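S.K.: Sequence and predicted structure, then a few things I'm wondering about:
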Amino acid sequence: MRSIRNLFAAGAIAVSTLVISGQAYAADVVDTKVAADIVDTAVAAGKFKTLVAAVQAAGLVDTLKGTGPFTVFAPTDEAFAKLPAGTVEDLLKPENKDKLVAILTYHVVAGKVMAADVIGKETMVKSVQGSEIKVNGMDGVMVDGAKVIQADIAANNGVIHAIDAVIMPKM
């Protein structure tokens, strides 16, 4: 009987620990969604380091911290790694700032576009850069051929959709 009580007590402690941990985790997620802007959300995610560095080099931090709302199709660090060797380093040079700004603003849409808005549809959305981006929600979500690998990352001034490739405007 004593071993059953000990087992029950140990199980109750484990469940309590899980519940408390789960509540703390949920609170962190909710706080991040409510309090953080696009830039801070990207930094906190940890998989957009190259994108954040590019946004800083392009002088777009204040814009993406603005009121928005914005939709950002955000290439992950792995997406940037797929570019030919030296491409990112070359784009980060001050003399290539205009080209970098054009590429980055091509990844941004004014307004908040959630994945549910495009599921089952094929559409074009206008980027902040000025060109249109093809969004295909017929089988998952594709953005100019890049796959959305994580959708609807909420920020207080918009939404981020992680993509597996860097999309390029026609220049």
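M.R.: Perfect, thanks for sending it. Given the structure is predicted, the values throughout are model-derived calculations rather than measurements.
S.K.: which strand in this protein runs the most residues?
M.R.: Counting by DSSP state E, the longest strand found in the chain is strand 146-155.
S.K.: Alpha carbons only: can I get the helix or strand just after that one in CSV?
M.R.: Downstream of strand 146-155, the next assigned helix or strand under DSSP states H and E is strand 158-163. Provided in CSV are the C-alpha atoms of strand 158-163 (Å, rounded to 0.1, in the frame of the first residue of the first chain):
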residue,chain,number,x,y,z
GLY,A,158,2.2,41.6,-38.5
VAL,A,159,3.1,38.0,-39.2
ILE,A,160,6.2,36.1,-40.4
HIS,A,161,6.1,33.0,-42.6
ALA,A,162,9.4,31.1,-42.6
ILE,A,163,10.4,30.1,-46.2
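S.K.: counting contacts, what elements does strand 158-163 pack onto?
M.R.: Judged by 3 or more Cβ pairs under 8 Å, 6 or more residues apart in numbering; DSSP states H and E, strand 158-163 is in contact with helix 38-45, strand 70-75, strand 146-155. (C-beta placed from N, C-alpha, C; glycine too.)
S.K.: okay, those, which one's buried deepest?
M.R.: strand 70-75 (a mean of 25; mean count of other Cβ atoms under 10 Å).
S.K.: so what secondary structure elements neighbour it?
M.R.: helix 38-45, helix 49-58, strand 108-110, strand 146-155, strand 158-163.
S.K.: Can you check what angle separates that strand from strand 146-155?
M.R.: Interaxial angle of strand 70-75 relative to strand 146-155 (axes from the mean of the first three to the mean of the last three Cα atoms, to 10 degrees): 130 degrees.
S.K.: Could you list the paired strands of strand 70-75 along with their orientation?
M.R.: strand 108-110 (antiparallel), strand 158-163 (parallel) (DSSP bridges).
S.K.: Which element is encountered next along the chain beyond the first one?
M.R.: Pointing back at strand 108-110 there. Next along the chain after strand 108-110, taking DSSP H and E as the criterion, comes strand 122-126.
S.K.: okay, the longest strand of the chain in CSV with CA atoms only?
M.R.: C-alpha atoms of strand 146-155 as CSV (Å, rounded to 0.1, in the frame of the first residue of the first chain):
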residue,chain,number,x,y,z
ALA,A,146,9.9,28.9,-52.0
LYS,A,147,8.0,26.6,-49.6
VAL,A,148,6.5,28.1,-46.4
ILE,A,149,8.0,25.8,-43.8
GLN,A,150,6.5,27.6,-40.8
ALA,A,151,3.4,29.8,-41.2
ASP,A,152,1.8,32.4,-39.0
ILE,A,153,4.5,33.4,-36.6
ALA,A,154,2.7,36.2,-34.9
ALA,A,155,4.2,39.6,-34.1
